[in-house]
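In: Next input, structure requested:
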Amino acid sequence: MTKVPDNVVFYDGVCNLCNFTVQFVLKRDKKGNYLFAQIGGENYKKLIKKHPESLGVDSILFYQDNILYSKSSAALKILIGLNGVWRSLSVFWLIPLPIRDFIYDRIASNRYKIFGKTDSCMLPNSNMLNRLID
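Out: Model prediction:
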């Protein structure tokens with residue numbers, strides 16, 4: 001079994017908020033550090049075998065340096081890795097994890113109501129094609 005690559009953002013392919021987040025990161029990740037994979041794909045299945053505690057997370061996960069981040073920690077790690085002004089968001093690590101994840105969970109559980117849902121996964125644009133993995 002091949003290893004899951006580093007710096008992978010796992011996202012919900014039918015969630016408009018998740019798709020917006022992927023586009024947001026792509027636009028700001030000038031060095032092309034991040035790869036993207038949908039939750040449920042082959043790399044996700046490999047990873048979840050090692051991290052079954054994240055099986056129920058269906059909004060965003062981030063895999064870096066053999067660590068799988070979920071919820072608010074995933075979002076913060078992704079943003080901080082974009083450098084520039086986004087690195088300043090590292091101050092949110094000072095907020096205790098239960099509080100950060102409580103807020104994250106409220107948004108995640110209502111994301112389809114607030115932001116909508118698509119019938120199918122987004123089609124990758126040319127900027128994303130070489131960074132999309134299964």
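In: quick one, strands of the protein?
Out: 8-11, 35-38, 60-64, 67-70 (DSSP state E).
In: what's the most buried one of those?
Out: strand 8-11 (a mean of 25; mean count of other C-beta atoms under 10 Å). Where you see a C-beta, it was placed from the backbone N, CA and C, and this is true even at glycine.
In: just to revisit the earlier point, with Arg111 as the reference, name the closest of the strands of the chain.
Out: Closest to Arg111 of these is strand 60-64 (C-beta to C-beta; 10.2 Å).
In: so Val57 touches Ser70, yeah?
Out: Yes. Assessed by C-beta atoms under 8 Å, Val57 is found in contact with Ser70 at 4.7 Å.
In: From Asp105, how far out is Leu97?
Out: Leu97 is 12 Å from Asp105, where distance means C-beta to C-beta, to the nearest Å.
In: Kindly report the same for Lys45.
Out: Taking C-beta to C-beta as the measure, Lys45 falls 24 Å from Asp105.
In: Over to Asp12?
Out: 14 Å.
In: ok, Phe20 - contacts?
Out: Phe115 (C-beta atoms under 8 Å, 6 or more residues apart in numbering).
In: which residues does Val8 contact?
Out: Tyr34, Leu35, Phe36, Ala37, Asn43, Phe62, Tyr63, Gln64, Ile133.
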